[in-house]
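here you go, sequence then predicted model.
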Amino acid sequence: MKKRLVGLKSAISKFSGASADIYLLDGDKITFGKHFLTARETPGHTDGCMTLVSGDQSMAFTGDALLIRGCGRTDFQQGCPKKLYHSVHQKIFTLPDQCLVYPAHDYLGQTVSTVGEERQFNRRLTKSLEEFVDIMNNLNLKKPAKIDIAVPANLVCGIHEV
């Protein structure tokens, strides 16, 4: 896209470890025309997870942190169920009920939900922190094929100003 659109810039979380033109931190704004998106750090799936919220809080692009009736797995490098739980509850579930939620992808073909629906019906994130951690630690998902060569695993799952 950058070859076809002169001046186009890429943006990604500063904590992603990836390359981009712009590195985002919590609270940064991406302006386009008369609109803007506010970056909210939502680590837990990975340290670089970000949710982008429209200026009027009518839409949130949640990446892999919050999926429709689910959430991103936490067994990747830097993954941490406690961080993810706190991220979603403090940075996404605090948005208005009617805020539309657009995840990065959905395995069932769904494209949109709302904060209110997810706060009420999300089968993982409606649980207590302890129940959520137990669920996420016992998903028994197939190990991703290239996970060991991507980034060294983060062995510590701590909470720091989430």
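Perfect, thanks for sending it.

hang on, residue 37 in a helix?
No. Secondary structure of residue 37, determined by DSSP: H, G, I helix; E, B strand; the rest coil: strand, with no helix assignment.

bridging residues for it?
Counting by DSSP bridges, residue 37 forms beta bridges with residue 30, residue 54.

how about it, what does it touch?
Residue 37 sits next to 29, 30, 52, 53, 54, 55, 61 when contact means CB atoms under 8 Å, 6 or more residues apart in numbering. In this view, the C-beta of every residue, glycine as well, is placed from N, C-alpha and C.

dump these to a markdown table, plus pLDDT.
Converted to a markdown table, the contacts of residue 37 look like this (pLDDT from 0 to 100):
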| residue | pLDDT |
| --- | --- |
| 29 | 98 |
| 30 | 96 |
| 52 | 98 |
| 53 | 98 |
| 54 | 98 |
| 55 | 98 |
| 61 | 98 |
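
from residue 1, how far off is the residue nearest to the spatial centre of the chain?
With distances taken as CA atoms, centre = their mean, residue 65 lies nearest the centre of the chain, 2.8 Å away. Distance of residue 65 to residue 1, computed by CB to CB, to the nearest Å: 24 Å.

picking up where we left off before, so what's the residue nearest to the centre of the chain closest to, chain neighbours aside?
Of all residues not flanking residue 65 in the chain, residue 42 sits nearest, at 4.0 Å (CB to CB, 6 or more residues apart in numbering).
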